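1. Make a model of this:
(2 chains)
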Amino acid sequence: MIFLMRILVIEDQAKTAQFLKKGLNEVGYSVDIAESGSAGESYIASSEYDLIILDVMLPDQNGMDTARHIRRDGFAGPILMLTALTTTKDKVNGLDAGADDYLTKPFAFDELLARVRALLRRNSTSTTVNSVLKYSDLEVDLIHRKVTRESKEIILTAKEFSLLEYFMRNPERPLGRVSIAEHVWDIHFDSESNVIDVYINLLRKKIDSPFKKKLLQTVVGVGYVLKDTGHEKT
Amino acid sequence: MKKLSLRTRLTLLFAFIFGSTTLLFAIFSFYKLHDTLLSDFDNALYNYTIDVSQTIEIGAKNDLNIPPLIVEEGKIFPFPSGTALILVRHISGKILVKNGSFGQFDPPYKKDIEHILAGSEASYRTLSNISDIPEAEAGTYRQITFPLDSETQPTLFLQIAVPMVSLENQLKQLENILTFGLPFVIVVAIIAGLYVASRALRPVQNIISVTNKIEARDLHERIPIPQAKDEIQQLAITLNLMLERIEKSFDSQERFVADASHQLLTPLTILRGEIETHVQDFVNAKDSKLYRSLLQETDKLSKIIKDMLLLARIDSGQNTLQLDDIYIDEIVIDVISRLQKLATQKNIQIKLNLFGQEFRSAIPGDYDLLSNLVMNIIENAIKYSSSESTIETSIEWNQTATLLSIADNGPGIPESMKSHIFNRFSRADTSSKTTGFGLGLAIAQKIAKLHKTEIKILSKPTQGALFSIEFSKKN
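-> Numbering: from 1, shown residues only, chains lettered A, B, ... in the order given. Now for the predicted structure:
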């Protein structure tokens, strides 16, 4: 490692801050600690950080507001939010305020490290990776999570979107049910389960049924493939 | 009466008062008019009788001569005089002479003669047994009895009966008007009553619909206070005061859960973090075993705290639901993937099958809570299943509902436990071999109840437990 990744921890609980600093130092990050939201803001103003770990409960202000202030002041790096609140509403509020990820207390330190790594990786590669996948007349925008075909927008649920994304990343390659389950849902279904077939059907209904050209083909004995066969099926 | 709405009750009351007043008035007018018409009729009959009596000549030996009945021109009677029945009767009852087609008819006379002897000018009666009279012209006849020879000591009486055609017609007309008119009036009264009642109740209806729209997420909203200083305004003010109290208690409940989460979980986070960051420092096997055990207990403690806070949240009821369109299959797949690690530790396979995909549809539900419900049931199944077994989950859609079933091959749930398996802090295995504090199923059932459904258990002691839950498409 040529230069150290710098992390700012905004956390008022001295003990939490200390073990975060210790743990992060051990794996090679340089850590600064701010004990309040306003202190955090001045730290960010005076030096460069690669990532911010932000506690939602701060003595001087709500962490949500801190996140908003940091974003308003132009910080573009990832923010990982820590909180004791667990409902989806709380998570959505946090992400809307400008956080990139969300971890609920108490957490396993390994998970925190994994998320920090993922956020830093995403940040360093996000500008170089093509965010729009194209195959035939189908387009998938990974950032805005928008799917269009023949310039018509198609509304997909989160699961359907992940499924399509997997096919778009592996065009013209036959994909087996087991690998689909493992890649899309991080799950292992036995071969008798019809879950994958049901979801393929749901996806076909949305991306193929309204159009002449069918892209999602069944490969007998193997699974499915995204392939433009060139001729139009009726 | 209690089952009817206030509007209907007011309308019925209105129609009843209006209808009965009209009916009484109609009956009164009918009889009053009847009396007037009858007395006019009698006057005419009396005049006619005088005319007839003057044309009768009484001979010296009481021999009588009735001339042919010719009505003088210029006189109009309310009856056709050509069909009048005329007779002269002796005080003894003997008929001396008669004119007209009487047939079997023998006019009554005794009471009338008594009446006249008592001093009346003439005596009237209405005859309704007209079937004896051949070629009767009307349903009823009016008969007059009149002293012929002397006013003080009469021995001869003139009796004349005429058909009451015109009177009958007039009364019939009035009756028709009343029989068709009255129901019409009552229908009008009901419609008018409905209109008046709705108008009077409209402000109340407004308040009801506004109040219905105020849900948990917009408890800060208030009912608009009407301008007029009336009962409706008081109702609105009272409801607003109540809303304020609800909002306050709701806020404090939310604040409690948030504060408690923070206060209880922060020390645990520190505890867990410090143990974790120090665990590498101890190479010593004995110490590292101790630290691992401490970590496990901290995790258990935080799970219990989270469960209890969740219970506190859902105990406050329907209001806390964040309703969205939920696909149960997505939740189940998500939960299975989260529990995969736990299942693999025991070499348990979780199967999932979907049926009736053509009916796949969303149900109204709270994503977090439903995930928690499914998580608790499957986690429970993993906990009680033996190693190397399978847990079979299935989702079946039909026109009206989504049915989720989760079957395990564990020991099953004994009949005696079924009734309180969903109680807090109870569990099927009373030995302490399996961990957990029995909050999971209580929470799951509570969440099901909030979604207006119920978790059902089908279990045989040898074949494991089957949990099923049916979500209806509409709440």
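2. From now on I want contacts and neighbour counts done on CA atoms only, so please keep to that.
-> Will do.
3. who's in contact with residue A:182?
-> residue A:188 (C-alpha atoms under 8 Å, 6 or more residues apart in numbering or on different chains).
4. three-state assignment of it?
-> Here residue A:182 is recorded as helix under DSSP: H, G, I helix; E, B strand; the rest coil.
5. and if you look at residue B:104?
-> Assigned by three-state DSSP, the conformation of residue B:104 is coil.
6. tell me the SS of residue B:277?
-> Under three-state DSSP, residue B:277 comes out as helix.
7. pretty sure it is touching residue A:21, no?
-> No - counting by C-alpha atoms under 8 Å, residue B:277 does not reach residue A:21; the two are 9.9 Å apart.
8. neighbour-wise, which of these two wins?
-> Neighbours per residue, other C-alpha atoms under 10 Å in any protein chain shown: of residue B:277 and residue A:21, the larger number sits with residue A:21, 20 against 17.
9. and the gap between the more buried one and residue A:9?
-> Separation of residue A:21 from residue A:9 (C-alpha to C-alpha, to the nearest Å) stands at 8 Å.
10. any shared contact partners between those two?
-> With C-alpha under 8 Å, 6+ apart, residue A:21 and residue A:9 have common neighbours A:31, A:32, A:33.
11. any idea which helix or strand carries the first one?
-> When you say that, I think you mean residue A:31. Per DSSP states H and E, residue A:31 falls inside strand A:30-34.
12. neighbouring strands for that strand, and are they parallel or not?
-> strand A:6-10 (parallel) (DSSP bridges).
13. what's the strand it pairs with in contact with?
-> Residues from elsewhere that reach strand A:6-10 (C-alpha under 8 Å, 6+ apart): A:17, A:20-21, A:29-37, A:40, A:48-55.
14. Show me the helices in chain A, by range?
-> Counting by DSSP state H, one finds helices in chain A at the ranges A:14-26, A:37-46, A:63-72, A:88-96, A:109-125, A:158-169, A:177-185, A:195-207.
15. any residues touching the longest one, and which ones?
-> What that stands for is helix A:109-125. A:23-24, A:50-51, A:77-78, A:80, A:100-101, A:103, B:273, B:276-277.
16. Now residue B:386. Nearest residue, chain neighbours left out?
-> residue B:410 (6.0 Å; C-alpha to C-alpha, 6 or more residues apart in numbering or on different chains).
17. any idea how far that neighbour is from residue B:388?
-> Taking C-alpha to C-alpha, one finds residue B:410 at 11 Å from residue B:388.
18. On the C-terminal side of the helix or strand where residue B:272 lies, identify the next helix or strand.
-> Per DSSP H and E, residue B:272 falls inside helix B:231-279. Once the chain leaves helix B:231-279, the next helix or strand it forms, by DSSP H and E, is helix B:285-315.
19. Can you list the helices and strands that that following helix packs against?
-> Packing contacts for helix B:285-315, counted by 3 or more C-alpha pairs under 8 Å, 6 or more residues apart in numbering or on different chains; DSSP states H and E, involve helix B:231-279, helix B:439-450.
20. thinking again about what came up before, let's have the helices of chain A in a markdown table, adding mean pLDDT and distance to residue B:405.
-> Listed next are the helices of chain A as a markdown table, based on pLDDT from 0 to 100; distance: least, C-alpha to C-alpha, whole Å:
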| stretch | mean pLDDT | distance to residue B:405 |
| --- | --- | --- |
| helix A:14-26 | 89 | 42 |
| helix A:37-46 | 90 | 48 |
| helix A:63-72 | 90 | 40 |
| helix A:88-96 | 81 | 25 |
| helix A:109-125 | 83 | 32 |
| helix A:158-169 | 88 | 21 |
| helix A:177-185 | 84 | 20 |
| helix A:195-207 | 89 | 15 |
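21. who wins for proximity to residue B:230 among those helices?
-> Between residue B:230 and the helices of chain A, the tightest spacing by C-alpha to C-alpha is seen for helix A:88-96, at 42.1 Å.
22. and the closest one with chain B, contact?
-> Yes - applying C-alpha under 8 Å from any C-alpha of the partner chain, one finds helix A:88-96 in contact with chain B at residue A:88.
23. ok, now how distant is whichever residue of chain A sits closest to chain B from residue B:339?
-> Going by C-alpha to the nearest C-alpha, chain B is nearest to residue A:106 of chain A, at 4.3 Å. Separation of residue A:106 from residue B:339 (C-alpha to C-alpha): 19 Å.
24. next one: residue B:162
-> 107 Å.
25. And residue B:393, by the same measure?
-> Residue B:393 is 13 Å from residue B:339, by C-alpha to C-alpha.
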